[in-house]
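In: Fold the following for me, if possible:
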Amino acid sequence: MRRVCPLPILAVLLVLAGCKSGTAGRVISVSVAPSGVNLIVGTTQQMTATVMQTFNTAVTWSVVGGSANGTISSTGLYTAPATVPAPAQVKVTATSQRDPTKSGSATLTITTAAGPSNITAAVSPAVVTLANFATQQFTASVTGTTNMGVTWQVNGATGGSRTVGFISASGFFVAAGNVPTVSDGMGHVTSTTLTVTAVSQADLTASGSATVTIMPGNQNQQTPGLIELGTSGGNGNDSMSNATNHTITCCGGTLGSLVVRGGTQYILSNNHVLARSDSATLGDPIVQPGLVDSNCDKTQASTVATLTQFVNLESEGQTASSSNIDAAIAQVVPGEIDPAGKILYLGATADSNGVPIAAAPNAGAGVPPSVSMPVAKSGRTTGLTCSTVLAVNADTRVTYHKNCDGTGASFTVDYNNQVDVTGAGFGAEGDSGSLIVAQDTADPVALLYAGSDTDTVANPVTPVLNFFASGGNSVTFVGGAAHTVIGCTLPNAPRAAAKTVQPASLAAEVLQKAVAARDAQAPGLLAHPEVQAVGVGASLDNPVEPAIIFFVTRGQARTNIPGQVDGVRTRIVEGDLFARRGTISAADTAVNEKAAAAPQLTYALSATEMHRATVVHAAHAKELMRQGGVQGVGITSSVDAPGEAALMIFVIRGVAHPAIPPGIDGLRTRVRESSPFLAGYRGSERGRACVVPAKRAAY
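Out: Now for the predicted structure:
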């Protein structure tokens, strides 16, 4: 991590006092385009440098490695070498003449018009199964050339990435902490494999690949008597036979955490994991691993608890007095579960191989969720994942299937006061029942039970604990002291979603609506003293709509910039000195945006903003939930206006819904489109012959 030595406060104030004009105190940045282009030997490519935060945009061009990698003129015209260099990737750099310590680069790949047909590449081993956080050395063999060099990629990304794992130039692979997921196109998110590829540097059309399956330790059979939670588990009777094709479908989820009531310890998970979506009987055996991970045979699993109590989903979901939870508890069988309540990968330390050690959450009653709170969970399917709370106080509608295979009767439950965590990869089928905790303290926050192809839905822990309180005995989480979840800070930390947002590209005719509204009101919009420019672009609160974009001076007081102008959304972008001023085009808007910090997916909200949003939510959520295509309404932060709250409206992709206004009662709205929220449809694998029973995991 780069360290920054802060100036004394007085020195900072003196520097800022002299920054009324010019570039003093500004950080110059340089970017070069295009990058990632394949260029045939001997041909040319015009390169462009963009220099921000200074009026002196002159640069000095260079090619790393010298003339063997090509040449570049003072105007940025690059000429590729006559033969493919080794490696074939070359770097072109533009250095600011105003500040020679600042530069930007682009990578070009030099290739022949038609690569030699006799070159081949292969990767060994070709098929690998690894645990999350594990490592693997791959080797590449290249034939048909004396150039043995290869470029390593993971899922098409050179060097890999934080979400899929990293691979070095020598082929050493480090798996991410999470399991990769993919949408199946039917509203489910399931685990998938990775592809590690070696691309020949002599012939970019020649490559070899290996398939990598990540199997989290959460699915393993653990040592009897020392079972740590966050692991595979479920009801020992959660399977069904199909007499027609002689298959058995079995289900499972996650044994989330350990709670205590009146001195007795219980496993906490979902109803649809432990109680089979209302179909179970009290006293049913709860097994580890779940049937989904024990060949549909409960004799291959250990009975670790007995079902004790659960909320009835179908009846509760139809009443106004709904307890708003999908939860069940099972009394621990003595000697089977770690009595300290440790959860896999949830510790504050890692072992010598860089794998986070299991640890209990912070003991007690947990903490309420808040917008932008960093959270983590450890579950059966995706292992450890890290993300942020996107919305709170959410009304949601979730669909359940009674049968283990997702067939037969289904029912919906309308919840309120739910938690939405962003990122399709935060949870997948089989992670149901996982305990969601705060990344910085490991305090319990919510109980995961449902999701879509973009989000995960969970019950806040307070109503869960309150439901199971009995006879004057409260229910609390078994745990230890507060600690950070170190797995979320490691280089290969399992991040489930991007933290920033990129504006969408809208057609000119769509933007014209914003242009017309802006131009009609331009004098008044530019009259706000903090506004440097007013442009047009895409809204970030509703990416399919245009927005009038206000470029405002960072730190200067706001003067009631409107949330909409003639029905068009507005967006606020902060910066110091923007290059384009006044009423500007869409192209100039894009230039100004590059000078500003990337917009965040979520922002923390003040108590005042939360209260304002809560009032609007209480007045309109039920009405919005009755509209077609709407499956949830919660409170979130606006991306168009950082610092402001917004009403988050979750809509089902492909289902018609009424137009969402830019604001309701003065509160901005934000639209989140996804597949339907589903729970209880346990997996996505098709039924197979009885010799290989079908397996399904509860979301």
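In: Tell me which residues touch the closest residue to residue 593 other than its chain neighbours, please.
Out: Using Cβ to Cβ, 6 or more residues apart in numbering and skipping residues adjacent in sequence, the residue nearest residue 593 is residue 573, 6.2 Å away. Just so you know, the C-beta spots here come from the backbone N, C-alpha and C atoms, and that holds for glycine as well. Neighbour list for residue 573: 549, 550, 551, 552, 592, 593, 596, 599 [criterion: Cβ atoms under 8 Å, 6 or more residues apart in numbering].
In: From what I see, the last one and residue 639 are in contact.
Out: Yep, that's residue 599 we're talking about. Yes - the pair residue 599 / residue 639 is scored as a contact, 5.3 Å apart, by Cβ atoms under 8 Å.
In: Among those two, which residue is more densely surrounded?
Out: Shown here are residue 599 and residue 639; by other Cβ atoms under 10 Å, residue 639 has more neighbours (24 against 18).
In: any idea how far that one lies from residue 102?
Out: 29 Å (Cβ to Cβ, to the nearest Å).
In: Repeat that for residue 675.
Out: As judged by Cβ to Cβ, residue 675 and residue 102 stand 44 Å apart.
In: Show me where the stretch 251-400 of the chain has its helices.
Out: 271-274, 313-316 (DSSP state H, counting those that start in this stretch).
In: Sketch out the strands for the stretch 351-500 of the chain, chain order is fine.
Out: With DSSP state E, counting those that start in this stretch, the ranges of strands along the stretch 351-500 of the chain come out as 374-379, 383-401, 410-422, 435-438, 444-451, 455-460, 475-477.
In: so how far is stretch 75-93 off the chain centroid?
Out: 36 Å (Cα atoms, centre = their mean, to the nearest Å).
In: about what we covered before: so can I have JSON lines of the contacts of residue 573 showing secondary structure and distance to residue 164?
Out: JSON lines is the format used below for the contacts of residue 573 (DSSP: H, G, I helix; E, B strand; the rest coil; distance: Cβ to Cβ, whole Å):
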{"residue": "549", "secondary structure": "strand", "distance to residue 164": "34"}
{"residue": "550", "secondary structure": "strand", "distance to residue 164": "38"}
{"residue": "551", "secondary structure": "strand", "distance to residue 164": "36"}
{"residue": "552", "secondary structure": "strand", "distance to residue 164": "38"}
{"residue": "592", "secondary structure": "helix", "distance to residue 164": "33"}
{"residue": "593", "secondary structure": "helix", "distance to residue 164": "28"}
{"residue": "596", "secondary structure": "coil", "distance to residue 164": "29"}
{"residue": "599", "secondary structure": "coil", "distance to residue 164": "24"}
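In: Any chance of those in TSV with distance to residue 150 and pLDDT as columns?
Out: Shown next, in TSV, are these (distance: Cβ to Cβ, whole Å; pLDDT from 0 to 100):
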residue	distance to residue 150	pLDDT
549	44	98
550	49	98
551	46	98
552	49	97
592	41	95
593	38	94
596	39	93
599	38	95
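In: Most neighbours among these, please name it.
Out: Neighbour counts for the contacts of residue 573 (other Cβ under 10 Å) peak at residue 549, which has 28 neighbours.
In: pretty sure it contacts residue 591?
Out: No - Residue 549 lies out of contact with residue 591 (Cβ under 8 Å); the separation is 11.9 Å.
In: so what are the domain limits for the chain?
Out: For the chain, the structural domains run 9-111, 120-215, 224-390+416-488, 508-594, going by automatic domain parsing.
In: Quick one: end-to-end distance for the shortest one.
Out: Spelled out, it's domain 508-594. Start-to-end span of domain 508-594 (Cα to Cα, to the nearest Å) is 20 Å.
In: From the chain's centroid, how far away is that domain?
Out: Using Cα atoms, centre = their mean, the distance from the centre of domain 508-594 to the centre of the chain it belongs to is 28 Å.
In: picking up where we left off before, helix, strand or coil for the residue nearest to residue 593?
Out: Under DSSP: H, G, I helix; E, B strand; the rest coil, the three-state class of residue 573 is strand.
In: for this protein, what are the low-confidence residue spans?
Out: Judged by pLDDT under 70, the chain has its weakly predicted residues at 1-26, 113-117, 184-188, 221-225, 316-322, 405-408, 680-698.
In: got the residue ranges for the helices in it?
Out: For the chain, the helices defined by DSSP state H cover 9-17, 271-274, 313-316, 461-468, 508-526, 586-594, 607-625.
In: Give the full set of residues in contact with residue 535.
Out: By Cβ under 8 Å, 6+ apart, residue 535 lies in contact with 548, 549, 551, 580, 583, 584, 585, 586, 588, 589, 592.
In: Just flag the most distant two among those.
Out: Largest separation among the contacts of residue 535 by Cβ to Cβ: 548 and 580, giving 14.8 Å.
In: Look at those two and report which has more neighbours.
Out: Just comparing residue 548 and residue 580: by other Cβ under 10 Å the higher neighbour count belongs to residue 548, 28 against 18.
In: contacting residues for the nearest residue to residue 282 once chain neighbours are set aside?
Out: Closest residue in space to residue 282, ignoring its immediate chain neighbours: residue 307 at 5.6 Å, by Cβ to Cβ, 6+ apart. With contact set as Cβ under 8 Å, 6+ apart, residue 307 has these partners: 235, 274, 275, 280, 281, 282, 283, 284, 285, 286, 328, 330.
In: try it again with 10 Å
Out: 235-237, 267, 271, 274-276, 280-286, 328-331 (Cβ atoms under 10 Å, 6 or more residues apart in numbering).
In: Spatially nearest residue to the residue nearest in space to the middle of the chain (excluding sequence neighbours)?
Out: The centre of the chain sits closest to residue 497, judged by Cα atoms, centre = their mean, with a distance of 1.7 Å. The shortest distance from residue 497 to any non-neighbouring residue, by Cβ to Cβ, 6+ apart, is to residue 423 (3.0 Å).
In: and the one you found, backbone torsions?
Out: Recorded main-chain torsions at residue 423 are phi 110, psi 120, according to degrees, to the nearest 10.
In: That one reaches residue 498, doesn't it?
Out: Yes - under the criterion of Cβ atoms under 10 Å, residue 423 makes contact with residue 498 at 8.3 Å.
In: between these two, which one's more packed in?
Out: Neighbour count, other Cβ under 10 Å: between residue 423 and residue 498, residue 423 has more, with 24 against 13.
In: how close does the more buried one get to residue 82?
Out: The gap separating residue 423 from residue 82 is 47 Å, by Cβ to Cβ.
In: what residues are shared contacts of residue 549 and residue 591?
Out: Applying Cβ under 10 Å, 6+ apart, one finds that residue 549 and residue 591 are jointly contacted by 535, 584.
In: wait, what's in contact with residue 658?
Out: Residues near residue 658 by Cβ under 10 Å, 6+ apart: 624, 627, 628, 629, 630, 651.
In: what's the third one in contact with, if anything?
Out: For residue 628, the contacting residues are 651, 652, 655, 656, 657, 658, taking Cβ under 10 Å, 6+ apart as the criterion.
In: Buried ones among these?
Out: Among the contacts of residue 628, the ones that count as buried by 16 or more other Cβ atoms under 10 Å are 651, 652, 657.
In: In JSON lines: the residues you listed, plus distance to residue 442.
Out: JSON lines is the format used below for the buried ones among the contacts of residue 628 (distance: Cβ to Cβ, whole Å):
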{"residue": "651", "distance to residue 442": "34"}
{"residue": "652", "distance to residue 442": "34"}
{"residue": "657", "distance to residue 442": "39"}
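In: from the residues you listed, which is closest to residue 175?
Out: Proximity to residue 175 was ranked across the buried ones among the contacts of residue 628 by Cβ to Cβ; first place goes to residue 652, at 34.0 Å.
In: partners of the closest one in the sheet?
Out: Legend: beta-bridge partners of residue 652 under DSSP bridges are residue 674.
In: where's it relative to residue 629, distance?
Out: To residue 629, residue 652 is 5 Å away according to Cβ to Cβ.
In: Residue 58 too?
Out: With the distance defined as Cβ to Cβ, residue 58 ends up 53 Å from residue 629.
In: what does residue 47 give?
Out: Distance of residue 47 to residue 629, given as Cβ to Cβ: 46 Å.
In: tell me the contacts of residue 389?
Out: Counting by Cβ under 10 Å, 6+ apart, residue 389 touches 369-375, 419-422, 436, 438, 445-446, 458, 602, 636.
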